[in-house]
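Enquirer: okay, sequence plus prediction incoming.
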Amino acid sequence: AQSVTQLDSHVSVSEGTPVLLRCNYSSSYSPSLFWYVQHPNKGLQLLLKYTSAATLVKGINGFEAEFKKSETSFHLTKPSAHMSDAAEYFCVVSDYGGSGGGADGLTFGKGTHLIIQP
Amino acid sequence: DSGVTQTPKHLITATGQRVTLRCSPRSGDLSVYWYQQSLDQGLQFLIQYYNGEERAKGNILERFSAQQFPDLHSELNLSSLELGDSALYFCASSPQAGGPETQYFGPGTRLLVL
């Protein structure tokens, strides 16, 4: 079975400072990992994904994430926060090599609400 | 714009009623997924269809059912509605059967059960 833990329900940073959103995963197989963003009253947009290629993954809007198998982590970072980054961020795992029944459905973390202070 | 469309955007209904949510996947995508987002449960995978056939089931209640039609659009049917079914329902699509593929999400249907 797969699971995702987002370690912070809320993160608040000042505009122009770095962003770190933490995510740990559990997976029985070789996982695919994603970060999705949800702006207020909007659908989900893919920021980036890891699928067993390079461990440092670059996404849209200056975000990147590093896959660390030894730590079972996939933390999301951005060097300099912008006001438009304020949103809900979801770390997601897809355990497609798993035992079936939901194997192709994504498992979402609870989300981290990112607040950007002016 | 992801290319996935969902109708209606909002739906208000009463307990015990039945509703149908509709999803049109991106052009060429064969898989459709349904998710439920609620305050207490977060985002949960409900069910997946691939090229007209049910492929995977998640936490879908027996009162809920779905299908995918030959033109690949999908419908999620929710019956005997309860207050706790109030949620945002997302549809997503991907080119093939999932796994490492990116899933593209629609804007969602917000269901309010009174």
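Expert: Sure, I can see it. Numbers count the residues shown, from 1 in each chain, chains lettered A, B, ... in the order given.
Enquirer: what about the strands in chain B?
Expert: B:5-7, B:10-13, B:19-24, B:31-38, B:42-50, B:53-57, B:64-68, B:74-78, B:87-94, B:104-105, B:109-113 (DSSP state E).
Enquirer: looking at these, which is closest to A:His82?
Expert: Proximity to A:His82, assessed across the strands of chain B by CB to CB, is greatest for strand B:104-105 (22.5 Å). (C-beta placed from N, C-alpha, C; glycine too.)
Enquirer: I'd like to know which elements the closest one is packed against.
Expert: Identification of packing neighbours for strand B:104-105 by 3 or more CB pairs under 8 Å, 6 or more residues apart in numbering or on different chains; DSSP states H and E yields strand A:44-50, strand B:87-94.
Enquirer: pLDDT below threshold where in chain A?
Expert: For chain A, the stretches flagged by pLDDT under 70 are A:95-104.
Enquirer: circling back: reformat the strands of chain B as a markdown table; add mean neighbour count and mean pLDDT.
Expert: Listed next are those as a markdown table, based on neighbours: other CB atoms under 10 Å in any protein chain shown; pLDDT from 0 to 100:
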| stretch | mean neighbour count | mean pLDDT |
| --- | --- | --- |
| strand B:5-7 | 16 | 97 |
| strand B:10-13 | 14 | 97 |
| strand B:19-24 | 19 | 98 |
| strand B:31-38 | 24 | 94 |
| strand B:42-50 | 22 | 91 |
| strand B:53-57 | 16 | 90 |
| strand B:64-68 | 19 | 97 |
| strand B:74-78 | 20 | 98 |
| strand B:87-94 | 25 | 95 |
| strand B:104-105 | 22 | 92 |
| strand B:109-113 | 18 | 97 |
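Enquirer: of all the ones you listed, which one is nearest A:Glu71?
Expert: strand B:42-50 (23.4 Å).
Enquirer: okay, now the sheet partners of that closest one, with direction.
Expert: If you go by DSSP bridges, strand B:42-50 pairs up with strand B:31-38 (antiparallel), strand B:53-57 (antiparallel).
Enquirer: tilt between the shortest one and strand B:64-68?
Expert: Spelled out, that is strand B:53-57. Going by axes from the mean of the first three to the mean of the last three CA atoms, to 10 degrees, strand B:53-57 is angled at 140 degrees with respect to strand B:64-68.
Enquirer: repeat that for the first one.
Expert: Using the same axes, to 10 degrees, the inter-axis angle of strand B:31-38 relative to strand B:64-68 is 150 degrees.
Enquirer: quick one: closest of the strands of chain B to A:Pro18.
Expert: strand B:42-50 (26.4 Å).
Enquirer: relative to strand B:19-24, how tilted is that closest one?
Expert: Per the same axes, to 10 degrees, the angle that strand B:42-50 makes with strand B:19-24 is 60 degrees.
Enquirer: which residues does strand B:42-50 contact?
Expert: Strand B:42-50 has contacts (CB atoms under 8 Å, 6 or more residues apart in numbering or on different chains) with A:90, A:102, A:104-111, B:30-38, B:54-60, B:64, B:66-68, B:74, B:76, B:90, B:96-98.
Enquirer: chain center to it: distance?
Expert: 7 Å (CA atoms, centre = their mean, to the nearest Å).
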